[in-house]
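K.L.:
would you be able to build a 3D model of this:
(one chain, ligands or ions: 1)
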Amino acid sequence: MAVTNGEARRCIVWFGRPTGDEYESLTQAGWYIRIADANGQGGVGTRSGSIVVALADLRHADVRSIASMERMMGDYPGLPWLALISSDMPTQEPLISRILQTSQDFFTAPVDLDRLLETLVHMGGDLPVDEPNDSGITGRSQAMRIVMASIRKYAPVDLPVLITGETGTGKEVAARALHGMSTRADRPFAAINCGALPPNLVQSELFGHERGAFTGANARRIGHFETAAGGTVFLDEVGDLPTDAQTSLLRFLQEGTLERVGSSQSIKLDVRVLAATHVDLEKAVEQGRFREDLYYRLNVLRLRMPALREREDDVVMLAQTFLDAFREQHHCQARAFSNAARQAMRHFAWPGNVRELLNRVQRAAVVAEGDLITAEDLDLADIPAAQLAHASLGSTRVAAERDAVINTLRECRFNISECARRLKVSRVTIYRLCKKHRLALEELR
Ligand SMILES: Nc1ncnc2c1ncn2[C@@H]1O[C@H](COP(=O)(O)OP(=O)(O)OP(=O)(O)O)[C@@H](O)[C@H]1O
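P.N.:
Next up is the predicted model:
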């Protein structure tokens, strides 16, 4: 894709020509319109970091330029496309029908400008663009913007972060981003799944052992903490740590020292600890399975990874990212997703979250026979009602608002005035939001 400098960041690349009304409404709403010629040499040509929507305006186009637009859609499968047609166009005609199928939506002249603006907003264009995202985290939904804002704040601080969220939501991805955006980025990152370690070996795996410490310990072994010296240790499923390892971890967090199994010598170490759980750690504390003092040490900063059904706006972008990555490694005809596939992905509840999406896309890429992956290829053609995500845009906004209040309250240690200042609302609004979302301050602490 050609990259040019100096353009606005929300851009419609218009293959054709907008009417005066269309041009005025869209530019007033903050869109930069770049008129493009489907038969020209320029390609799509956008500034990197822009939000770009391509618009195939078929109203006055001849067959040659419609065919060029179709080719362009194939060349830029990751780009969201809209189509404009006139009311007398033969939409069953194969060329036009293919364009409509590949487009996320289409409009018949005279264009309903409110609906067009709303559609553009839904495609991600209403939101300000952040600085380029090199965190490895794909997503620009409101829910993920909140996550990214927290990651940017937490990364440079050397405190533990407790990352919560359902399975497959990207907790490890977030931990890697925290490490990658910290001053420790060029030091090691060690990810350990505490649930996968045999209980009798956890201490030795994490903190190492001396020769002869136990039967079979034939040589000294350095544990994950020491291997990650100067860097970050990510303890996934931290709730599965046996009691003795919990005690050693607490000591490390309090004193910055550890002892290898079979040694009484304290080793001082600089390692940042990130931890994740998909179970309710508070409940584990209540039930006496997890040390309360350790819970408070780990839970200094908290990051909640939203379920994929709460970030409906990210699903198609993630799917395209996974498909592009798959295409780099394997021969695969499919370049993008049919309209029905996009709809099905947006409406599915994704119980396995991003991991399930990744698996379905890879499988679909293997079985798909055409240029476009269909809902059938994704095995999402007939989704039972029970597996549909009920999160409408409205409920997603409500969830994002709730998250913003909870996170900010925690960040400013439940100081209502500070929270109000950071969210740029009054104190009364914070109390009203707590009431609206049934947030009992006492329980959040
Ligand atoms: N926002 C994202 N952008 C790109 N890839 C993602 C994103 N979130 C998750 N993934 C991918 O989804 C898969 C699952 O992510 P990850 O392992 O981080 O989830 P998790 O929450 O730690 O899962 P578990 O609870 O099972 O440990 C990985 O392949 C990861 O690369």
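
K.L.:
only C-alpha atoms from now on, for both contacts and neighbour counts.
P.N.:
OK.

K.L.:
for the stretch 101-250 of the chain, what spans make up the strands?
P.N.:
Along the stretch 101-250 of the chain, counting by DSSP state E, counting those that start in this stretch, strands occupy 105-108, 161-164, 189-193, 232-236.

K.L.:
of all the ones you listed, which one comes closest to the ligand?
P.N.:
Among the strands of the stretch 101-250 of the chain, the nearest to the ligand by Cα to the nearest ligand atom is strand 232-236 (6.3 Å).

K.L.:
hmm, who's touching the closest one?
P.N.:
Applying Cα atoms under 8 Å, 6 or more residues apart in numbering, the external contacts of strand 232-236 come out as 172, 175, 179, 184, 187-195, 224-225, 271-277.

K.L.:
surely residue 373 and residue 341 touch.
P.N.:
Yes - assessed by Cα atoms under 8 Å, residue 373 is found in contact with residue 341 at 6.9 Å.

K.L.:
of those two, who's got more company?
P.N.:
A direct count of neighbours by other Cα atoms under 10 Å for residue 373 and residue 341 places residue 373 higher, at 26 against 22.

K.L.:
leaving out the residues flanking it, which one is nearest to the residue nearest the centre of the chain?
P.N.:
Note on the chain: the residue nearest the mean C-alpha position is residue 139, at 4.1 Å, using Cα atoms, centre = their mean. Of all residues not flanking residue 139 in the chain, residue 314 sits nearest, at 5.2 Å (Cα to Cα, 6 or more residues apart in numbering).

K.L.:
residue contacts, the one you found?
P.N.:
By Cα under 8 Å, 6+ apart, the neighbours of residue 314 are 138, 139, 140, 141.

K.L.:
run the last query once more with 7 Å
P.N.:
139, 140, 141 (Cα atoms under 7 Å, 6 or more residues apart in numbering).

K.L.:
got a markdown table for the residues you listed, with pLDDT too?
P.N.:
Below are these laid out as a markdown table (pLDDT from 0 to 100):
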| residue | pLDDT |
| --- | --- |
| 139 | 86 |
| 140 | 78 |
| 141 | 82 |
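
K.L.:
near the ligand, which of these show up?
P.N.:
Filtering those for proximity to the ligand by Cα under 6 Å from any ligand atom leaves residue 139.

K.L.:
of the contacts of residue 314, closest to the ligand?
P.N.:
residue 139 (5.7 Å).

K.L.:
what distance do you get for that closest one to residue 306?
P.N.:
11 Å (Cα to Cα, to the nearest Å).

K.L.:
check residue 182 too.
P.N.:
In terms of Cα to Cα, residue 182 sits 22 Å off from residue 306.

K.L.:
and what of residue 264?
P.N.:
Taking Cα to Cα, one finds residue 264 at 43 Å from residue 306.

K.L.:
and the residue nearest to the centre of the chain, how far is that from residue 84?
P.N.:
With Cα to Cα as the criterion, residue 139 and residue 84 are 27 Å apart.

K.L.:
and if you look at residue 300?
P.N.:
Taken as Cα to Cα, the span from residue 300 to residue 84 is 52 Å.

K.L.:
the more surrounded of the two?
P.N.:
Counted by other Cα under 10 Å, residue 300 and residue 84 do not tie: residue 84 has more neighbours, with 23 against 13.

K.L.:
and the most far-flung residue of the chain relative to its centre, what is it in contact with?
P.N.:
Distance from the centre of the chain peaks at residue 212, with 46.1 Å (Cα atoms, centre = their mean). Listed by Cα under 7 Å, 6+ apart, the contact set of residue 212 reads residue 218.

K.L.:
same deal with residue 353?
P.N.:
167, 168, 169, 307, 308.

K.L.:
distance between whatever helix or strand residue 354 lives in and the chain's centre?
P.N.:
Here residue 354, judged by DSSP states H and E, is contained in helix 353-367. Distance, stretch centre to chain centre, for helix 353-367: 16 Å (Cα atoms, centre = their mean, to the nearest Å).

K.L.:
show me what the helix or strand following it packs onto, helices and strands only.
P.N.:
Using DSSP H and E, the helix or strand that follows helix 353-367 towards the C-terminus is strand 372-373. Judged by 3 or more Cα pairs under 7 Å, 6 or more residues apart in numbering; DSSP states H and E, strand 372-373 is in contact with strand 336-337.

K.L.:
ok, the strand it packs on: who's next to it in the sheet?
P.N.:
Sheet pairing for strand 336-337, assigned by DSSP bridges, gives strand 372-373 (parallel).

K.L.:
which other residues reach the partner strand?
P.N.:
Identification of contacts with strand 372-373 by Cα under 7 Å, 6+ apart yields 334, 335, 336, 337, 338, 341, 364, 365.

K.L.:
and the second one, how far is that from the ligand?
P.N.:
Taken as Cα to the nearest ligand atom, to the nearest Å, the spacing of residue 335 relative to the ligand amounts to 18 Å.

K.L.:
likewise residue 286?
P.N.:
Distance, residue 286 to the ligand, by Cα to the nearest ligand atom: 22 Å.

K.L.:
and for residue 307?
P.N.:
According to Cα to the nearest ligand atom, residue 307 stands 9 Å off from the ligand.

K.L.:
how many neighbours does that residue have?
P.N.:
By other Cα under 10 Å, 21 other residues sit near residue 307.

K.L.:
that one against residue 169, yeah?
P.N.:
Yes - if you go by Cα atoms under 7 Å, residue 307 and residue 169 touch, sitting 5.9 Å apart.

K.L.:
quickly find the element holding residue 88.
P.N.:
Here residue 88 sits in a region with no helix or strand, counting by DSSP H and E.

K.L.:
what about it, neighbour count?
P.N.:
Neighbours around residue 88, by other Cα under 10 Å: 9.
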